[in-house]
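Novice: what's the 3D shape of this:
(2 chains)
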Amino acid sequence: DAGITQSPRHKVTETGTPVTLRCHQTENHRYMYWYRQDPGHGLRLIHYSYGVKDTDKGEVSDGYSVSRSKTEDFLLTLESATSSQTSVYFCAISDYRKGYTEAFFGQGTRLTVV
Amino acid sequence: QKEVEQDPGPLSVPEGAIVSLNCTYSNSAFQYFMWYRQYSRKGPELLMYTYSSGNKEDGRFTAQVDKSSKYISLFIRDSQPSDSATYLCAMSVGYSGGSNYKLTFGKGTLLTVNP
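Specialist: Residues are numbered from 1 along each chain as shown, chains lettered A, B, ... in the order given. Presented below is the predicted three-dimensional model:
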């Protein structure tokens, strides 16, 4: 298994509070991603990083921010959690291998906003 | 139009059936095509990948890419109950450049293989 750890695995939080999810990798992969997965919507990209301090928005970035101060850690922050952000969040890592991208996923964080 | 379209199913088949899963896409720059399998409450795992057009076979699984039609398929022969999972297609442009490696996923198709 690729060395990806997401924390926490489960969290319940109240509307309006900030929440930070952490993704830690031991593979030294350059690329890191945050996805959310919801019934009927599938896997949607929130933000991604292609290097330390290099990040970009995905298709559903509103209300989320990210930071990557070192290769192994990619943090996702919900600035002010809303019920629509209740979801399962997956972190993924990848690197250039013969011209293609194979992503390895973490086990997911189940976030409930009440 | 979404970049990648995938019928979410669900799809239910008897054990031993041949399963066909499909995705269409609109971005002609996609060159790398992947299929991921996701078991319930787990993260997706890479099942197969192909580059450009053509077929690739791995055991009971065959991936096909038709770039002229912007259509990819995954076939599962002799399906087993252990194949029950969500199957997601994914694509990337793949050449150098920071954002070109990011994956664009289909929504996933939920497959159940009944004993």
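
Novice: please work out which helix or strand belonging to chain A has the smallest mean pLDDT.
Specialist: In chain A, no helix or strand scores lower on mean pLDDT, DSSP states H and E than strand A:100-101, which sits at a mean of 60.

Novice: I'd like the next helix or strand past that strand.
Specialist: strand A:104-105 (DSSP states H and E).

Novice: helix or strand right after the helix or strand hosting B:Thr50?
Specialist: Taking DSSP H and E as the criterion, the element that holds B:Thr50 is strand B:45-51. The helix or strand immediately downstream of strand B:45-51 is strand B:54-58, counting by DSSP H and E.

Novice: got the angle for that following strand vs strand B:45-51?
Specialist: Orientation check (axes from the mean of the first three to the mean of the last three CA atoms, to 10 degrees): strand B:54-58 against strand B:45-51 gives 150 degrees.

Novice: next SSE after strand B:54-58?
Specialist: Next element after strand B:54-58 (DSSP H and E): strand B:61-66.

Novice: what helices or strands is that next one leaning on?
Specialist: Other helices and strands packing on strand B:61-66, by 3 or more CB pairs under 8 Å, 6 or more residues apart in numbering or on different chains; DSSP states H and E, are strand B:32-38, strand B:45-51, strand B:54-58, strand B:71-76. In this view, the C-beta of every residue, glycine as well, is placed from N, C-alpha and C.

Novice: just say which of those strands is most tucked in.
Specialist: Using mean count of other CB atoms under 10 Å in any protein chain shown, the stretch among the helices and strands packed on strand B:61-66 with the largest mean neighbour count is strand B:32-38, at a mean of 23.

Novice: list the pairing partners of that one within its sheet, with orientation.
Specialist: Taking DSSP bridges as the criterion, strand B:32-38 sits next to strand B:45-51 (antiparallel), strand B:85-92 (antiparallel) in its sheet.

Novice: so what strands line up beside the helix or strand where B:Ser20 lies?
Specialist: In this assignment (DSSP H and E), B:Ser20 forms part of strand B:19-25. Strand pairing for strand B:19-25, using DSSP bridges, gives strand B:4-6 (antiparallel), strand B:71-76 (antiparallel).

Novice: quick revisit: what's the average pLDDT for the strand holding B:Thr50?
Specialist: The predicted model assigns strand B:45-51 a mean pLDDT of 89.
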